[in-house]
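J.: could you work out the structure for the sequence below:
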Amino acid sequence: MVSQKTLFDCGANWMPEACESAMSINQQLMHSSSELARLVDCWDRPEPFVISLYALEDDIDSYQHVNNSVYVRWIDECARQHSKAVGVDTDDAAELGYGMAVRESRISYHAAAHQGEKVLCGNWLTRCDGRLRATREFQIVRQSDCITLIRAELNYICIKIDSGKPTKMPSLFREKYVARN
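T.: Coordinates of the predicted model:
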């Protein structure tokens, strides 16, 4: 079953300038059960964690499509929301002094999104060694036709925030970041 989360959390200061309009837009992104069933066929892997997105005017570049930096921001937000959903609020973890920092990223762009389009960002935690490293895979699809816009793989390492140095994952991370293949 595909999980659904709403992207815009106005309390998180993520795209605050778009918050008011985005909240009403995202209320329109709710899917019926039959639509979710159809969307299962969109994904490269089973059971993604999914957030809904809406390509806003500010996301569009001079080529009249969503700028590549926006996809990176969406991926980051999807990872943050997934962490929160499994019990690792990244703000709380930061207060404890730990975080998962991107060590390496690979993104393949396959098609473009345009202003007004609804897209879904799915992610899977595919590897976690329980010590230092974790890997997430992402796929962003256009909701209307299930066309894959991007595929990405990000490798993370656990860091101590005060030093920025790699460190062993705290028990919270080891318990909650469970990879599913």
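J.: in the protein, which spans are strands?
T.: Here the chain has its strands, by DSSP state E, at 5-6, 49-54, 98-109, 118-128, 133-142, 148-160, 165-166.
J.: and of the ones you listed, who's closest to Asn181?
T.: strand 118-128 (6.3 Å; CB to CB). The way it works is simple: take the backbone N, C-alpha and C, and place the C-beta from them, glycine included.
J.: just checking, Pro48 touches Arg136?
T.: No - taking CB atoms under 8 Å as the definition, Pro48 is not a contact partner of Arg136, at 10.7 Å.
J.: name the residues contacting each of those two.
T.: Contact criterion CB atoms under 8 Å, 6 or more residues apart in numbering; residues shared by Pro48 and Arg136: 123-124.
J.: show the pLDDT at the spatially most central residue of the chain.
T.: Nearest to the geometric centre of the chain sits Cys78, at 1.6 Å (CA atoms, centre = their mean). The model reports Cys78 with a pLDDT of 96.
J.: against Trp124, how distant is it?
T.: Using CB to CB, to the nearest Å, Cys78 is found at 10 Å from Trp124.
J.: can I get the strands of the chain in TSV with mean neighbour count, mean pLDDT and distance to Val70?
T.: Formatted as TSV, the strands of the chain follow (neighbours: other CB atoms under 10 Å; pLDDT from 0 to 100; distance: least, CB to CB, whole Å):
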stretch	mean neighbour count	mean pLDDT	distance to Val70
strand 5-6	16	35	18
strand 49-54	24	94	9
strand 98-109	14	98	12
strand 118-128	21	97	10
strand 133-142	22	98	10
strand 148-160	19	98	11
strand 165-166	12	98	29
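J.: many thanks, I have nothing further to ask.
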